[in-house]
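Asker: Using only what follows, build the 3D model:
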Amino acid sequence: MLRVAVVAGGYSDESVISLKSCELIYASLNAEKYNRTRVRILKEGWFAEIDAEKFPINKEDFSYIKDGVKQNFDVVFNTIHGTPGEDGYLQAYFELIGLPYTGCPFYQSALTFNKKDCIAALSKYGIPHAKSVYIQKGTNYSIKDIIANVGLPCFVKPNRSGSSLGISKVSVADEFAAALDKAFAEDKEVLIESFLDGTEVSVGVLNYQGETKVVGITEIVSENEFFDYEAKYEGKSQEITPARISDEVTKRVEEVAKRAYTSLNMTGFSRSEYIIVDGEPHFIEMNTLPGFSPASIFPQQAAYSKIELSDLMDSEIELALNRKSPWQE
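Answerer: Residues are numbered from 1 along each chain as shown. Below is the predicted model:
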């Protein structure tokens, strides 16, 4: 039986969501096919968790000792949102020790986690996006120049963060100071983007059974000013699948979303956010480890596409086991 480590936690505020995602993925892995073990990667330590008992992970080979016997894994199912599981660090570690893992490789993880760099890369493939200004903590910047560049209202967001943490919508110049403080609390790099007046959609894309597939397009209707943490996880939004857009616009969104996925040589799950303006989807960001709690969008999209979660898990593990390391290609 294949030994699977379902890895969750992380070092960021997204760890709470990661632990919820872990439970749905753990439950969706066929217990007759896989010997499943929850593994927590937290600031206070790495450990396997079995029947409420904790067993420290040996970082040399990602093993642990139980009843005096060394236990190894065949594959890792990564469910960490944020650092170090979504920004490339864990992926690089697993590459170095030769342990297969689900999701995309370390380079794609690092690139997509950095909003500025991901937008820059995708712009080479003709994918539209909002105007933006990038600033670093401790550097000089002019609010007047920023407004002249992106206009008002605009969004102030951490460059490297997820779950809409640290994001603010700024409507007047006086709101910038508080918005920047909030964003800098999450990351030392901040991206300020122009407001796009259109329909927000979240698009699930993955490599499923050898094919790049859009699993669903979900329309986001937030009760708040935008799709913030409260809207995402505390029921302050409507998530409508399929999105209420025309067949023509649906085809355009699917085409752009698949092009973004393949242009970055992605594998595994992804969920990208777009704002549709005059029928044209504008890229906002890509999540390579989207939320998988019962309230999350990706499982809703899988249900819409009539894909069983157990089949999704099987496909991800097969991709992980068959992927070659960069130096083997």
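Asker: Ala31: neighbour count?
Answerer: By other CB atoms under 10 Å, the residues close to Ala31 number 10. For glycine as for every other residue, the C-beta is placed from the backbone atoms N, C-alpha and C.
Asker: what about it, which helix or strand?
Answerer: Here Ala31, judged by DSSP states H and E, is contained in no helix and no strand.
Asker: shouldn't Leu2 be in contact with Tyr34?
Answerer: Yes - in this structure, Leu2 is within contact of Tyr34 by CB atoms under 8 Å, at 5.2 Å.
Asker: More neighbours: these two, which one.
Answerer: Neighbour count, other CB under 10 Å: between Leu2 and Tyr34, Tyr34 has more, with 20 against 13.
Asker: what residue ranges in the stretch 101-250 of the chain are flagged as low confidence?
Answerer: 162-164, 224-236 (pLDDT under 70).
Asker: Could you rerun that using 80?
Answerer: 161-165, 222-237 (pLDDT under 80).
Asker: any chance you could map the strands in it?
Answerer: With DSSP state E, counting those that start in this stretch as the criterion, the stretch 101-250 of the chain has strands at 132-136, 154-158, 168-170, 189-194, 199-208, 211-222, 237-240.
Asker: need those strands in CSV with distance to Ala177 and mean neighbour count, can you?
Answerer: As requested, those are arranged in CSV below (distance: least, CB to CB, whole Å; neighbours: other CB atoms under 10 Å):
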stretch, distance to Ala177, mean neighbour count
strand 132-136, 13, 18
strand 154-158, 10, 24
strand 168-170, 10, 20
strand 189-194, 12, 22
strand 199-208, 27, 23
strand 211-222, 24, 19
strand 237-240, 28, 16
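Asker: hmm, back to that, overlap in contacts, Leu2 and Tyr34.
Answerer: Shared contacts of Leu2 and Tyr34, defined by CB atoms under 8 Å, 6 or more residues apart in numbering, are found at Ile317.
Asker: In the chain, where's the longest helix?
Answerer: helix 247-263 (DSSP state H).
Asker: Chain neighbours aside, what residue packs nearest to Pro128?
Answerer: His282 (4.7 Å; CB to CB, 6 or more residues apart in numbering).
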